[in-house]
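>>> the sequence and its predicted three-dimensional model are supplied below.
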Amino acid sequence: MRRRMSAVLALAGLALTWMVTAAPADAGTGFGTAAPGAVTADDGAYVAAQQWLDTRTLDLTVHSPAMAADEHVRLLVPPDWNSRPNEPWPVLYLLHGCCDSYVSWTRSTDVEQLTGTTDVLVVMPEAGADGFYSDWWNEGAGGSPQWETFHLTELRQILERGFRASPRRAVAGLSMGGYGAMKYAETGLFRAAASFSGVLDPLSNPGGVLASLYPNALWGEPVAQRPIWVANDPTDHVDRLHGVKLFVAAGDGRPGRYDDPSRPADAVEAEVHAESVNFVDALRQAHVPVTTDFYGPGTHAWPYWQQDLHQAFPMLMRAIGARNAVGLS
């Protein structure tokens, strides 16, 4: 009897594990995702675990050779995910800012509601508290962290091979993530990109935000390793953005509509505003169209980034051909 009970408990434990990681069909979102380990990227990266948090939110744990670690990714699947189990979906990457994580967009905005009637697969990857969407120089040694390789090669291949992601991609991000959005858009992998308070011209102020985050591990020293800084500065490569739909927004650091009017000016937002203006000026000199919202008073804060996301969202969806979910239009 004791052996039988142990066997029952073991089977129950296996069933519970399967429910958490694989999400059966009756959980509402079990169709069309690869089982952990079932698909790999070219370098062997794979999904080590997955957990459904609700009917649309799926958290992945990806074993990444580029990172020499397991990294997290949050997905918001389209509302029609179950009813069209063989459909490839247009993709929106949302990139988080400094000192935050992959959970920030669902924690601090209404992105789940915003996308609730649109057939788009939203991808929110971990990028480290200060990873800056780059493969780090590491004093010339290279190696991990390699955030760009993780996002644009490993994760992209896994999503396309196991999670029905199509090659119709857009990217948006805030602060550090705004930098990542424009840097990644210059690879040719994205049809549209949006930056909210983005660090878009880091070489114009190497003693600013970046100096407070790194010694020289990211791109090296700004003078001695200037070619590396240039290679990683979006403003120096705006000619690569012809044909990409673009949106850039930033406040000027003064207290705005969502702030206590007595608060001091925000030096970080003032800096990224100046860098965003530099980036837009370079775009226009290169005859690359861009939509901007330099809205004046506004600080480096989530209410403004949610406002920016809502403003950019229709353009991003048009660029990738995302449509209203069937029956929800």
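Structure's in. What do you need? Treat the numbers as computed from the prediction; the structure is a model and nothing was measured. Numbering: from 1, shown residues only.
>>> from now on I want contacts and neighbour counts done on CA atoms only, so please keep to that.
Will do.
>>> centroid-nearest residue for this protein?
The C-alpha lying nearest the average C-alpha coordinate of the chain belongs to L95 (CA atoms, centre = their mean; 2.5 Å).
>>> quick one: contacts for V62?
By CA atoms under 8 Å, 6 or more residues apart in numbering, the contact set of V62 is 45-49, 70-73, 155.
>>> just to be sure, it is in a helix?
No. Assignment of V62 by DSSP: H, G, I helix; E, B strand; the rest coil gives strand, placing it outside any helix.
>>> ok now do the residue nearest to the centre of the chain, which residues does it touch?
102, 124-125, 127, 171-174, 177-178, 180-181.
>>> go on, W219?
136-138, 225, 228-229.
>>> now F279
200-201, 234-235, 238.
>>> ok, and the closest non-adjacent residue to G208?
Of all residues not flanking G208 in the chain, E271 sits nearest, at 7.7 Å (CA to CA, 6 or more residues apart in numbering).
>>> ok, now E275?
Nearest to E275 is D201, by CA to CA, 6+ apart, at 4.9 Å.
>>> show me what the lengthiest strand in the chain is packed up against.
Longest among the strand segments of the chain by residue count, using DSSP state E, is strand 165-174. The criterion is 3 or more CA pairs under 8 Å, 6 or more residues apart in numbering; DSSP states H and E, and the helices and strands that strand 165-174 contacts are strand 89-95, helix 156-162, helix 176-185, strand 192-196, helix 302-320.
>>> quick one: strands adjacent to it?
Under the criterion DSSP bridges, strand 165-174 sits next to strand 89-95 (parallel), strand 192-196 (parallel) in its sheet.
>>> could I get the contacts of L95 as JSON lines with pLDDT?
Below are the contacts of L95 laid out as JSON lines (pLDDT from 0 to 100):
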{"residue": "Y102", "pLDDT": "98"}
{"residue": "M124", "pLDDT": "98"}
{"residue": "P125", "pLDDT": "98"}
{"residue": "A127", "pLDDT": "98"}
{"residue": "V171", "pLDDT": "98"}
{"residue": "A172", "pLDDT": "98"}
{"residue": "G173", "pLDDT": "98"}
{"residue": "L174", "pLDDT": "98"}
{"residue": "G177", "pLDDT": "98"}
{"residue": "G178", "pLDDT": "98"}
{"residue": "G180", "pLDDT": "98"}
{"residue": "A181", "pLDDT": "98"}
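>>> quick check: of those residues, which has the highest neighbour count?
G180 (33 neighbours; other CA atoms under 10 Å).
>>> any idea how far the closest residue to K183 other than its chain neighbours lies from D201?
Of all residues not flanking K183 in the chain, P234 sits nearest, at 5.4 Å (CA to CA, 6+ apart). Separation of P234 from D201 (CA to CA, to the nearest Å) stands at 6 Å.
>>> who's more crowded, the two?
Counted by other CA under 10 Å, P234 and D201 do not tie: P234 has more neighbours, with 27 against 24.
>>> surely that one meets M182?
Yes. With contacts counted by CA atoms under 8 Å, P234 reaches M182, the gap being 6.3 Å.
>>> for G28, report the pLDDT, please.
At G28, the predicted lDDT confidence score is 37.
>>> check what pLDDT the closest residue to D266 other than its chain neighbours gets.
Among residues not flanking D266 along the chain, G253 sits closest, at 4.5 Å (CA to CA, 6+ apart). Per-residue confidence (pLDDT) for G253: 98.
>>> residues near G253, how many?
For G253, using other CA under 10 Å, the count is 21.
>>> and it, what does it touch?
265-270, 273, 296-300.
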